[in-house]
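In: Everything below, folded, please.
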Amino acid sequence: MKDKSHVLIIDGMALLFRGFFATAFSGNFMVNSKGIPRNGLFGFLNYFTNAVETFAPTHVVCCWDMGSKTFRNELYAGYKANREAPPAELVPQFDLAKDIVTMFQVPNIGEVGYEADDCIGTLAQQLQSDHFVTVVSGDQDLLQLVDDQIQVAIMKKGQGNYDLFNSDNFFEKKGLLPKQIIDLKGLMGDSSDNYPGIKGVGEKTALKLLQEYQSIDNLLANREQLTKGMQKKLEAYQEDLDISRKLAAIYTKVPFQFTMEDALWSTNLSNMEHYLIEELEFKHPERWLSKLPS
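Out: Residues are numbered from 1 along each chain as shown. Have a look, this model is predicted:
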């Protein structure tokens, strides 16, 4: 580390959705006396406090999507068009999760027209020159951000389990460099985000091509070396390849206001305890707060 500050950037959407669906299948939405479902908030608190406990940051920030439409929908009309609307029980928990973050005296960052990933990428890029950065998410797209001063912790099944990617282990784990993740997604597409890539090219083929040619640009420059079948695919799906590569890249110049002072982790949790008990009606806030420095 270049100094002692360690910034934890949390993907709020990933934590809240994971917390919600971990219990929603049972039909237990943990509705309180005010009629408010809290199961996503319960899971969010589990994951949020565990991340702070695990990585012991000096500063914490939480990033959010701000609506379903972003600049990527303008690039490609079908982007995420396969996503269903969030369940009705989850909707009121979005603002409450942000309130929880605010009560922790942690900044909520989000910008209309951009995804949480873009805000995370912008912060990580801005901060890495002077601070060490840990990103916590379940989204593998964020692996493209890994750098000397940026590590990405991908949440695995079960609380407190992370697959940690850093500049030392990335190639060993993925067989690629972090920036090649963009071209990997460009070649193979992404069914969850609903963009195409090259039809018939899966992860195995895309990985092999990038290991041999390093980038899409170099692959195209040497297309005559490829099989006739692959040459035909590149020709037939050139437009899909171009747009998929653009959609896969995290935008790292989102315009928002941020200061490190606002993100300094506070050990004063007395207001947080009152909020959890009185407002959200969680009976045992110590299950979360006792993990944290106070």
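In: For the helix or strand of the chain with the lowest mean pLDDT, buried residues please.
Out: Across the helices and strands of the chain, mean confidence by mean pLDDT, DSSP states H and E is lowest for helix 270-274: a mean of 92. Of the residues in helix 270-274, those with enough neighbours to count as buried (16 or more other Cβ atoms under 10 Å) are 272-273. C-beta here means a position set from N, CA and C on the backbone, and glycine is covered the same way.
In: Residues contacting it, please?
Out: Residues lying outside helix 270-274 but in contact with it, judged by Cβ atoms under 8 Å, 6 or more residues apart in numbering, are 103-104, 285-286, 289.
In: ok, and the most crowded of the residues you listed?
Out: Among the contacts of helix 270-274, the one with the most neighbours (other Cβ atoms under 10 Å) is residue 104, at 23 neighbours.
In: now the strands: where do they sit in the stretch 1-150 of the chain?
Out: With DSSP state E, counting those that start in this stretch applied, the stretch 1-150 of the chain shows strands at 6-11, 59-63, 108-109, 132-137, 150-155, listed in chain order.
In: any weak-confidence spans in this structure?
Out: Low-confidence segments of the chain, defined by pLDDT under 70, span residues 1-3, 294.
In: Which parts of it are helices?
Out: For the chain, helices defined by DSSP state H occupy the ranges 12-24, 39-55, 71-75, 91-103, 116-127, 170-174, 180-188, 203-213, 216-221, 228-236, 238-248, 260-263, 270-274, 286-289.
In: and the longest one, what does it pack onto?
Out: Pointing back at helix 39-55 there. On a contact count with 3 or more Cβ pairs under 8 Å, 6 or more residues apart in numbering; DSSP states H and E, helix 39-55 meets strand 6-11, helix 12-24, helix 91-103, strand 132-137, strand 150-155, helix 286-289.
In: How far off centre is it?
Out: Here the centre of helix 39-55 is set off from its chain's centre by 15 Å, with Cα atoms, centre = their mean, to the nearest Å.
In: what comes up buried for that helix?
Out: Along helix 39-55, these residues count as buried under the neighbour rule (16+ other Cβ under 10 Å): 39-52, 54-55.
In: nearest to residue 70, of the helices and strands packed on helix 39-55?
Out: In this view, the helices and strands packed on helix 39-55 are compared for proximity to residue 70 by Cβ to Cβ, and helix 12-24 is the closest at 12.7 Å.
In: Which residues does the closest one contact?
Out: Contact with helix 12-24 is made by 29-30, 39-48, 62-65, 87, 89-90, 93-94, 97-98, 101, 108, 116, 136-139, 155, as judged by Cβ under 8 Å, 6+ apart.
In: returning to what we had before: can you lay out the helices and strands packed on helix 39-55 as TSV showing distance to residue 277?
Out: TSV is the format used below for those (distance: least, Cβ to Cβ, whole Å):
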stretch	distance to residue 277
strand 6-11	23
helix 12-24	19
helix 91-103	12
strand 132-137	26
strand 150-155	27
helix 286-289	10
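In: With respect to residue 123, which of the ones you listed lies nearest?
Out: Of all the helices and strands packed on helix 39-55, the one in closest proximity to residue 123, counting by Cβ to Cβ, is strand 6-11 (5.6 Å).
In: List the contacts of that closest one.
Out: Counting by Cβ under 8 Å, 6+ apart, 48, 51-52, 55-63, 116-117, 120, 123-124, 127, 131-139, 142, 260, 263 sit against strand 6-11.
In: and the end-to-end length of stretch 232-243?
Out: Chord length of stretch 232-243, first to last residue, is 18 Å (Cα to Cα, to the nearest Å).
In: what do you get for stretch 19-38?
Out: Start and end residues of stretch 19-38 are separated by 10 Å (Cα to Cα).
In: How far off centre is that stretch?
Out: Using Cα atoms, centre = their mean, the offset of stretch 19-38 from its chain centre is 23 Å.
In: What of stretch 180-199?
Out: The chain centre lies 17 Å from the centre of stretch 180-199; the measure is Cα atoms, centre = their mean.
In: in that stretch, what's buried?
Out: Applying 16+ other Cβ under 10 Å to stretch 180-199 flags 180-190, 193, 195-198 as buried.
In: State the pair within those residues that is farthest apart.
Out: By the measure Cβ to Cβ, 180 and 196 form the most distant pair in the buried residues of stretch 180-199, at 19.2 Å.
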